[in-house]
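Asks: could you look at this predicted model? Sequence included:
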Amino acid sequence: MAAARPTRRSGATMASEKAKELAAKQKAQVKAEKERKKNSSDPRDWSQMRQIKESYRLTKEADPKLPLVLAAGFFGPVLLGILLGVLVKPVWFWILLGIMVGMTVAMLLFTRRVKNSVYKRYEGQPGSAEIALNMLPKGWQSTPAINATRQMDVVHRVVGPGGLILVGEGDPGRLKQLLATEVKRHEQTAYGVTVQTVQMGDAAGQVPLPKLADHIKKLPKQLDAAKIDEVTKRLRAMDAVRSRIPVPKGPLPQQGSRRAMRGR
């Protein structure tokens, strides 16, 4: 019995050492991951604050008046709150209210200026409709460039509460046939779901890039969450057996800008 005790103590010591090694290894991995994200150039690894800073920097380059606009949006309500506080007590309440309203107004102005900046940067480039589709709120699922021509006419797809929508961009004449082909293919897959089409552009009957996301969001509700999931699964199965064709990829805005604008 006396000889067995050191063995038990030795086993416990070894288990403790392994636990310490595992904890140290996990701690090192967490530290390494934090360091990787800190030095990463991928916006998906950035914190929300860093994304906002990057969105501000990019927008300011294209919109030099941005600081003045944001300052006016913030300090206007604050000054109004101070004035009301002098006239109507208590002062602190109106100042606090002015600060809260000022922050809200400044954020709304920032979001709008970021959107306009991104649209101006990419408007007219093939694949730019993808930018607007990325700004749709939660509940919408978009698939960019599901079909295209050598002339850079592109068809995108979005599924959400407003239904199944195919978005075309390019020459209206070529898009008509391209969209007709995709409508037929999607109707055969999405049983009982009406396939809608939208052409993005500045010609008559088309929707300009800056208005595309709002146009789609305003479509009458046709699908609930369960139906959206069902239709999406069917479309993924269709895409899996689709013939692989060279599809031109459109320009993508900075991820930070997209997250700052999504759902606004």
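Replies: Yep, that arrived.
Asks: where exactly do the strands run in the chain?
Replies: 141-148, 154-160, 163-169, 195-200 (DSSP state E).
Asks: could the ones you listed be laid out in CSV, adding distance to Gly76?
Replies: C-beta here means a position set from N, CA and C on the backbone, and glycine is covered the same way. Shown next, in CSV, are the strands of the chain (distance: least, CB to CB, whole Å):
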stretch, distance to Gly76
strand 141-148, 37
strand 154-160, 36
strand 163-169, 38
strand 195-200, 36
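Asks: switch the ones you listed over to JSON lines; also include mean pLDDT.
Replies: JSON lines is the format used below for the strands of the chain (pLDDT from 0 to 100):
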{"stretch": "strand 141-148", "mean pLDDT": "89"}
{"stretch": "strand 154-160", "mean pLDDT": "93"}
{"stretch": "strand 163-169", "mean pLDDT": "93"}
{"stretch": "strand 195-200", "mean pLDDT": "92"}
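Asks: closest one to Ala226 among these?
Replies: Taking CB to CB, strand 154-160 is the member of the strands of the chain nearest to Ala226, at 12.6 Å.
Asks: that closest one pairs with which strands, parallel or anti?
Replies: strand 141-148 (antiparallel), strand 163-169 (antiparallel) (DSSP bridges).
Asks: tell me the angle it makes with strand 195-200.
Replies: In terms of direction (axes from the mean of the first three to the mean of the last three CA atoms, to 10 degrees), strand 154-160 departs from strand 195-200 by 130 degrees.
Asks: contacts for strand 154-160?
Replies: Contact with strand 154-160 is made by 126-127, 129-130, 133, 136, 139-148, 164-170, 175, 178-179, 182, 186, 216, 223, 228, 231-232, 235, 247-248, 250, as judged by CB atoms under 8 Å, 6 or more residues apart in numbering.
Asks: filter the residues you listed down to the buried ones, PyMOL style.
Replies: Remark: buried members of these, expressed as a PyMOL selection using 16 or more other CB atoms under 10 Å:
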select buried, resi 126+127+129+130+133+136+140+141+142+143+144+145+146+147+148+164+165+166+167+168+169+170+175+178+179+182+186+216+223+228+231+232+235+250
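Asks: output the strands paired with strand 154-160 in a markdown table; the columns should cover distance to Arg242.
Replies: Below are those laid out as a markdown table (distance: least, CB to CB, whole Å):
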| stretch | distance to Arg242 |
| --- | --- |
| strand 141-148 | 8 |
| strand 163-169 | 14 |
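Asks: give the contact list for the closest residue in space to Arg242 that isn't next to it in sequence.
Replies: Excluding the flanking residues, the one nearest Arg242 by CB to CB, 6 or more residues apart in numbering is Ile146, at 7.8 Å. By CB under 8 Å, 6+ apart, the residues touching Ile146 are Val155, His156, Arg157, Glu182, Asp239, Arg242, Val247.
Asks: which one of those is nearest Leu212?
Replies: His156 (9.9 Å).
Asks: would you mind measuring from the closest one to Gly201?
Replies: His156 is 13 Å from Gly201, where distance means CB to CB, to the nearest Å.
Asks: what is in contact with the two at once?
Replies: Glu169.
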